[in-house]
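S.K.: Here is the input, now give the coordinates:
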Amino acid sequence: MSFLWPLALWSLLALPLAVALYVMLLRRRKKGAIVFANLALAREAAPRRSRWKRHLPPALMLLALALMLVAAARPVATLQLPSNKQTIMLAMDVSLSMRATDVEPSRIVAAQTAARAFLDELPRQVRVGIVAFAGTAQLAQLPTLSRDDLRTAIDSFQLQRGTATGNALVLALATLFPDDGIDISKVQWGGSRGGFGRAQSIDEVLGDRTKTNRQPVAPGSYTSAAIIMLTDGQRTTGIDPMEAAKLAADRGVRVYTVGIGTVKGETIGFDGWSMRVRLDEETLKQIANRTAAEYFYAGTAADLKKVYNTLSSKLTIEKTETEISALFAAVAALIAAVAATLSLMWFGRVA
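M.R.: Just a heads-up that it's a prediction; the model follows:
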């Protein structure tokens, strides 16, 4: 715990003075006591009071005073609080390699199942949008609160050739920031001169530079939205994903990356043809690091489910430095009220 105004803690030195004043008043009361001729009669006349009852209310008031002085120093603590993220964009790889069965029953089925379970774990007030990407990127579902619409979009994935991870990130950002002048048509289809198989420059999709050249903010500082990107391969077409990650970082949006499937690289085949696939973990880690997020690897369907459970916790509960002076003040007020109540009950007056 730290303090925004630590100099105020010097006021705690007044507590020993308060104790000394209390002791001095007790001694004065003893000196001013009435002298009785018959000590036995005085004992019968005086009410019997426990010593601890006599001193408990003042001790509680002293504790309340100490808490109020600490509250004046404005303490700050790191607490786990509900996140204020209102929109999450799921960018999901729907390339043909997602048909591979090294993740049972297949990569795409495992991804769909985990995504549906992820939706069930999220608070109802969190909007979710879905970007599906292969050789191009498509907005499968605008951000919505309807879990039924999201499940329908997930169940409707159609596998295609190619892997345009950069396009997926830019399309997710264009959805989150619709006034930034990003040319969505070029992100989705690769421009009028053809898309699949052609590397795109980030300049091709940033149409209105007066809107896109916004002042960069600290990576991870935008707390209203986040992107989760799941892929099983390396980029084969479209925008450089690191350039797309820079766009996200400049807007403060965290991009959590999830790798599924083959890390070392293998040749997988189905339906009479084969293809060489390799998970580009290094790039996924760089994307996450650049945007102040995290990378996760899921080698099995169970791993993938755990990853989504972890992400659900991270995106709905976050550690935040919060001033807790109000908490100290509230506890102090409660203790002072208890002290006053006990004093009235036992002695008919406030101590």
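S.K.: ok, Ala111 - contacts?
M.R.: By CB atoms under 8 Å, 6 or more residues apart in numbering, Ala111 lies in contact with 92-93, 98, 230, 260, 304. The C-beta positions use only the backbone N, C-alpha and C, and glycine is treated the same way.
S.K.: Out of those residues, which sit inside helices?
M.R.: Leu304 (DSSP state H).
S.K.: can you redo the contacts of Ala111 as TSV with distance to Gln188 and pLDDT?
M.R.: Formatted as TSV, the contacts of Ala111 follow (distance: CB to CB, whole Å; pLDDT from 0 to 100):
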residue	distance to Gln188	pLDDT
Met92	15	96
Asp93	16	96
Met98	19	89
Leu230	19	96
Ile260	23	91
Leu304	27	90
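S.K.: Please flag which of the contacts of Ala111 sit within strands.
M.R.: 92-93, 230, 260 (DSSP state E).
S.K.: who wins for most neighbours among these?
M.R.: Neighbour counts for the ones in strands among the contacts of Ala111 peak at Ile260, which has 29 neighbours (criterion: other CB atoms under 10 Å).
S.K.: residue contacts, it?
M.R.: Ile260 touches 93, 103, 107, 110-111, 230-232, 279, 297-299, 304, counting by CB under 8 Å, 6+ apart.
S.K.: Just the buried residues of the residues you listed.
M.R.: The neighbour count (16 or more other CB atoms under 10 Å) marks 93, 103, 107, 110-111, 230-232, 279, 297-298, 304 as buried among these.
S.K.: ok, back up a step: which of the contacts of Ile260 sit farthest apart?
M.R.: Farthest-apart pair in those is Asp93 and Gly299; separation 15.6 Å (CB to CB).
S.K.: got a markdown table for the contacts of Ala111, with distance to Gln160 too?
M.R.: Putting those into a markdown table (distance: CB to CB, whole Å) gives the following:
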| residue | distance to Gln160 |
| --- | --- |
| Met92 | 12 |
| Asp93 | 10 |
| Met98 | 10 |
| Leu230 | 16 |
| Ile260 | 17 |
| Leu304 | 21 |
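S.K.: that older thread, of the ones in strands among the contacts of Ala111, closest to Leu4?
M.R.: Nearest member of the ones in strands among the contacts of Ala111 to Leu4, counting by CB to CB, is Leu230, at 40.9 Å.
S.K.: And the closest one, how close does it get to Ala339?
M.R.: Distance, Leu230 to Ala339, using CB to CB, to the nearest Å: 58 Å.
S.K.: which stretches of this protein have low pLDDT?
M.R.: 30-50, 80-85, 189-200, 207-213, 264-276, 316-319, 348-351 (pLDDT under 70).
S.K.: pull the CA atoms of stretch 15-22 into CSV?
M.R.: What follows is stretch 15-22, C-alpha atoms only, in CSV (Å, rounded to 0.1, in the frame of the first residue of the first chain):
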residue,chain,number,x,y,z
LEU,A,15,-2.0,9.8,19.0
PRO,A,16,0.5,9.4,21.9
LEU,A,17,-0.5,13.0,23.0
ALA,A,18,-4.2,11.9,23.0
VAL,A,19,-3.3,8.9,25.2
ALA,A,20,-1.3,11.2,27.5
LEU,A,21,-4.2,13.6,27.7
TYR,A,22,-6.6,10.8,28.6
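S.K.: quick one: buried residues of that stretch?
M.R.: Across stretch 15-22, burial judged by 16+ other CB under 10 Å covers no residue at all.
S.K.: neighbours of Phe296, just the number please.
M.R.: Neighbour tally, Phe296, other CB under 10 Å: 21.
S.K.: meant to ask about Ala140
M.R.: Ala140 - counted by other CB under 10 Å - has 21 other residues nearby.
S.K.: List the residues that contact it.
M.R.: 130-132, 153-154, 156-157.
S.K.: Return the distance of it relative to Leu315.
M.R.: Taking CB to CB, one finds Ala140 at 20 Å from Leu315.
S.K.: hey, what's the closest residue to Thr291 other than its chain neighbours bridged with?
M.R.: Leaving aside its sequence neighbours, Thr291 sits nearest to Val255 (CB to CB, 6 or more residues apart in numbering; 4.3 Å). According to DSSP bridges, the residues that bridge with Val255 are Ile227.
S.K.: what about Val255, distance to Thr87?
M.R.: From Val255 to Thr87 the distance is 14 Å (CB to CB).
S.K.: who has more neighbours, the two?
M.R.: Val255 (31 against 18).
S.K.: Do I have it right that the more buried one meets Ala225?
M.R.: No: applying CB atoms under 8 Å, one finds Val255 not in contact with Ala225, separated by 10.7 Å.
S.K.: quick one, phi psi at Leu145?
M.R.: phi -90, psi -10 (degrees, to the nearest 10).
S.K.: and if you look at Thr257?
M.R.: According to degrees, to the nearest 10, Thr257 has phi -110, psi 140.
S.K.: Around it, how many other residues sit close by?
M.R.: Thr257 has 28 nearby residues by other CB under 10 Å.
S.K.: swap in Trp10?
M.R.: 10.
S.K.: Verify the stated contact: Glu294 with Val258.
M.R.: No: using CB under 8 Å, Glu294 is not in contact with Val258, being 9.6 Å away.
S.K.: the more surrounded of these two?
M.R.: More neighbours surround Val258 than the other of Glu294 and Val258, with 27 against 17 (other CB under 10 Å).
S.K.: Now do the same contact list for Leu247.
M.R.: The contact partners of Leu247, taken as CB under 8 Å, 6+ apart, are 169-170, 173, 202.
S.K.: And those, which is closest to Arg29?
M.R.: Leu173 (74.1 Å).
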